[in-house]
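# got a sequence here, can you model it:
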Amino acid sequence: MVTGLIIAGPALRRRYPAAWWLLVCFPVACVRISRTWRPLMAGCGLAVSRKAALTVVSGLVGNGAPPPQPRVPRRGTVRPTAGGFWFVVRLLPGQIPQDFAKAAPAFAETWLVHAVRVTAWKPGFIRISASAADPLNEPRLPATRSGDRLLSVAVGVLETGARWVIDLRQIPHWLIVGATRSGKSTLINALVAGLAPQPVALVGIDCKGGMELSLYGPRLSALATNRTQAVTLLSALVSLTQERMAICRAAHVRNVWGLPEEKRPVPVVVIVDELAELFLIANRTEKDEAHAAGTALIRLAQLGAALGVFLIVAGQRVGSDLGPGVTALRAQLGGRVCHRVADPGTAEMALGDLNPDALKAAQAIRPDQAGTAVLASGDGWERARSHLISETDAESTAAAYAHLTPYLTELHDPVSDFGSAKGTGATAVLERLDRDDDV
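Residues are numbered from 1 along each chain as shown. Okay, here's the model as predicted:
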């Protein structure tokens, strides 16, 4: 039986990785943890020596018997996951979670696993979790890209093996940064593909002439392709939030989610691609436009969550050199996703104010790890990788759900019509925008 298992092992592992881990590898890992726990704690400086007096008395009474063993933190039952394990450890007096976090690489080497993470569990306890292999190498696409509720999208896989879900109801505004070919556009594709089947309005701001977001034209309720259009569109969105504020005030509710479903306005997801294009200036006129765009974005970030307006802001370079408006906007974007970046300032802007460990992890992403990113929020940070959603897939998905595109009258006026993308292709949207520019 053992011989047959050895021969068939590689094939079984490839075909049924979760079952192979639970039936074969996990029991071996439990034995390894049990045998190495005490020497590992001592080697990492996490064991506490007994009192000196107790050691002397023990030696006298025991007639030369070895002194008592050092005290080691007490661990709980090792529990399996789909691709790893976790357990809780009770800290000894004077120990803090950071002591164990520094020793995490030693844990991984001793237990022969890919990575070990240490997080605070509750006062006096920590949670040690390990992944046997890197789940980001081959992330598996879920059966559905949508999450469990409105404005929730499964876009990839976490390092723990769990689904990476971006839930805009939980964290309403996100900053996504990444260099060329780092996976930033792929993540936006996954977001749009997951939001397209939902009853939401998608609004695009792409100041690179619409080269990126025009792919989703049929599913966009409005699209701005230069800064002048972006300022007008953002101003209209601010006016939209003020109208919704009046509705909530009249109904005596604090947000649109307190309104009856039949009276609740449609949620609006604003996707801003290449944020730097909104803030770069060459003359006085452009300075005024950049200031207006930044002010409108900050106002949307401050008011939008309660009024059903959500921001997805992306860029290759997001640094403080773009102006104070960028820093103020960053403070309002609670969710951060950092792919491989070309300059440390962008990574610092994205993650530095949340978690220094997340910043180090993001700076360690290699060029061959496209799609891999570090996501962080006030609750902590994770390594993750988005599913590969090509431009063709995103474009076809947008076209398939074009009939769900809502027409928002608040975003259109007789002078400047951004154009509803409903029932039209991206080319028609851009042509309409060009005509507006001519006027």
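
# which residues of the stretch 51-200 of the chain fall in strands?
If DSSP state E, counting those that start in this stretch is used as the criterion, the strands of the stretch 51-200 of the chain fall at 74-75, 79-80, 84-90, 115-122, 125-131, 152-158, 163-167, 173-177.

# mind putting the ones you listed into JSON lines with mean neighbour count?
In short, each C-beta sits where N, CA and C put it, glycine included. As requested, the strands of the stretch 51-200 of the chain are exported to JSON lines (neighbours: other C-beta atoms under 10 Å):
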{"stretch": "strand 74-75", "mean neighbour count": "14"}
{"stretch": "strand 79-80", "mean neighbour count": "15"}
{"stretch": "strand 84-90", "mean neighbour count": "19"}
{"stretch": "strand 115-122", "mean neighbour count": "17"}
{"stretch": "strand 125-131", "mean neighbour count": "21"}
{"stretch": "strand 152-158", "mean neighbour count": "23"}
{"stretch": "strand 163-167", "mean neighbour count": "20"}
{"stretch": "strand 173-177", "mean neighbour count": "25"}
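
# mind giving me the domain split of this protein?
Domains of the chain are assigned by automatic domain parsing as 2-131, 152-438.

# on that earlier part again, got the strands of the stretch 51-200 of the chain as JSON lines, with mean pLDDT and distance to residue 106 columns?
Compiled in JSON lines, these are given as follows (pLDDT from 0 to 100; distance: least, C-beta to C-beta, whole Å):
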{"stretch": "strand 74-75", "mean pLDDT": "94", "distance to residue 106": "15"}
{"stretch": "strand 79-80", "mean pLDDT": "93", "distance to residue 106": "22"}
{"stretch": "strand 84-90", "mean pLDDT": "94", "distance to residue 106": "15"}
{"stretch": "strand 115-122", "mean pLDDT": "89", "distance to residue 106": "9"}
{"stretch": "strand 125-131", "mean pLDDT": "93", "distance to residue 106": "12"}
{"stretch": "strand 152-158", "mean pLDDT": "90", "distance to residue 106": "23"}
{"stretch": "strand 163-167", "mean pLDDT": "91", "distance to residue 106": "28"}
{"stretch": "strand 173-177", "mean pLDDT": "95", "distance to residue 106": "32"}
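
# residue 309: which of the ones you listed is closest?
Of all those, it is strand 173-177 that lies closest to residue 309, at 9.4 Å by C-beta to C-beta.

# on contacts alone, who are the packing partners of the closest one?
helix 184-195, helix 284-307, strand 309-315, strand 335-338, helix 344-351 (3 or more C-beta pairs under 8 Å, 6 or more residues apart in numbering; DSSP states H and E).

# and the angle for the last one with strand 173-177?
Taking axes from the mean of the first three to the mean of the last three C-alpha atoms, to 10 degrees, one finds that helix 344-351 is oriented at 160 degrees with respect to strand 173-177.

# equivalent analysis for the third one, please.
Per the same axes, to 10 degrees, the angle that strand 309-315 makes with strand 173-177 is 10 degrees.

# tell me the angle strand 309-315 makes with strand 163-167.
Strand 309-315 runs at 120 degrees relative to strand 163-167, counting by the same axes, to 10 degrees.

# ok, strand 309-315: who's next to it in the sheet?
Neighbouring strands of strand 309-315 in its sheet, by DSSP bridges, are strand 173-177 (parallel), strand 268-273 (parallel).

# the helices and strands packed on strand 173-177: which one's closest to residue 401?
The closest approach between residue 401 and any of those, judged by C-beta to C-beta, belongs to helix 184-195 at 9.2 Å.

# can I get the strands paired with strand 309-315 in a markdown table with distance to residue 300?
What follows is the strands paired with strand 309-315, written out as a markdown table (distance: least, C-beta to C-beta, whole Å):
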| stretch | distance to residue 300 |
| --- | --- |
| strand 173-177 | 8 |
| strand 268-273 | 7 |
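
# any weak-confidence spans in the stretch 251-400 of the chain?
Within the stretch 251-400 of the chain, no stretch has pLDDT under 70.

# what residue is smack in the middle of the protein?
Most central residue of the chain, judged by C-alpha distance to the mean C-alpha position with C-alpha atoms, centre = their mean, is residue 375 at 3.8 Å.
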